[in-house]
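Peer 1: any chance you can model this:
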Amino acid sequence: MAIVQGLAPLLPDDFTAEPRVHLGTYCEIDVVDADLAEQYEYEVRVYDQAHGRQLVAAVEIVSPANKDRPESRRAFVTKCAVLLHQGVCVSMVDLVTTRNFNIYTDLLAELGRSDAPFATRSLSVYAVTCRCRKIGGIPKLETWAYPLVVGEPLPPVPLWLSDELHVSLELEASYEETCRVLRIP
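Peer 2: The predicted model follows:
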């Protein structure tokens, strides 16, 4: 909710941000294997109200359940890949330090891409924004990836609302507000 509150004043009037928490079976994408359907989701979705409530961006908060089994990681990657193929900007925030997997590199592998700094080091916590768009008629994947360091401030990441329009997702401010509300020192 802190992310939604932080985005609200930054978004143009025709855009809205909404939190989503889903615990249990994931049914939004077709999943053949029932084991893949068990997910815990924490996300913020941004909609363009002027274009029929079109989903334009999703902020995916990686949970320990998203990283606990190969099936869970694959389901999360599939969900993000589907969103990207639909033209939705996807930002992932992975603060899970108890599971040493990098879902971002898994997503890139699914899309036939790689990110050299992440490929050469084992980075399990990060923030990243990805978007697919056509440049000169050619589909391109653009990424903004930031390794995270425990104890250091979280970086701002771009959240693209259209090809030309983005706002800054202020992760550190959202984190600090969440800690304040939950009374975490």
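Peer 1: which residues are in contact with the worst-scoring helix or strand of the chain on mean pLDDT?
Peer 2: When each helix and strand of the chain is scored by mean pLDDT, DSSP states H and E, helix 116-120 comes last, with a mean of 77. Contacting residues not belonging to helix 116-120 are listed as 102, 104, 105, 108, 123, 126, 145, 147 [C-beta atoms under 8 Å, 6 or more residues apart in numbering]. Placement of C-beta: from N, CA and C, glycine included.
Peer 1: quick check: buried residues in that helix?
Peer 2: Going by neighbour count (16 or more other C-beta atoms under 10 Å), the buried part of helix 116-120 is residue 118.
Peer 1: likewise for stretch 156-170?
Peer 2: 156, 157, 158, 159, 160, 161, 166, 167, 169, 170.
Peer 1: who's in contact with that stretch?
Peer 2: Against stretch 156-170 from outside (C-beta under 8 Å, 6+ apart): 3, 6-7, 10-12, 15, 46, 48, 56-57, 59, 89, 91, 127-129, 131, 133, 144, 146, 171-172.
Peer 1: what's the span of that stretch from first residue to last?
Peer 2: 5 Å (C-alpha to C-alpha, to the nearest Å).
Peer 1: same deal with stretch 2-12?
Peer 2: With C-alpha to C-alpha as the measure, the first residue of stretch 2-12 is 18 Å from its last.
Peer 1: residue 183 - how many residues pack around it?
Peer 2: 6 (other C-beta atoms under 10 Å).
Peer 1: now do the phi/psi pair for it.
Peer 2: Here is the backbone geometry of residue 183 (degrees, to the nearest 10): phi 60, psi 40.
Peer 1: going forward can the numbers begin at 593, since that is how I track them
Peer 2: All set: I'll call the first residue 593, so the last point we hit is now residue 775.
Peer 1: from residue 743, how far off is it?
Peer 2: Between residue 775 and residue 743 the computed distance is 20 Å (C-beta to C-beta, to the nearest Å).
Peer 1: check which residues of the longest helix anywhere in the chain are buried.
Peer 2: Ordering each helix of the chain by length in residues (DSSP state H) puts helix 662-677 first. For helix 662-677, the buried set under the neighbour-count rule, 16+ other C-beta under 10 Å, comprises 663-673, 675-676.
Peer 1: need the residues you listed in a markdown table (columns: distance to residue 730).
Peer 2: Formatted as a markdown table, the buried residues of helix 662-677 follow (distance: C-beta to C-beta, whole Å):
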| residue | distance to residue 730 |
| --- | --- |
| 663 | 34 |
| 664 | 33 |
| 665 | 29 |
| 666 | 28 |
| 667 | 29 |
| 668 | 28 |
| 669 | 24 |
| 670 | 24 |
| 671 | 25 |
| 672 | 22 |
| 673 | 19 |
| 675 | 20 |
| 676 | 16 |
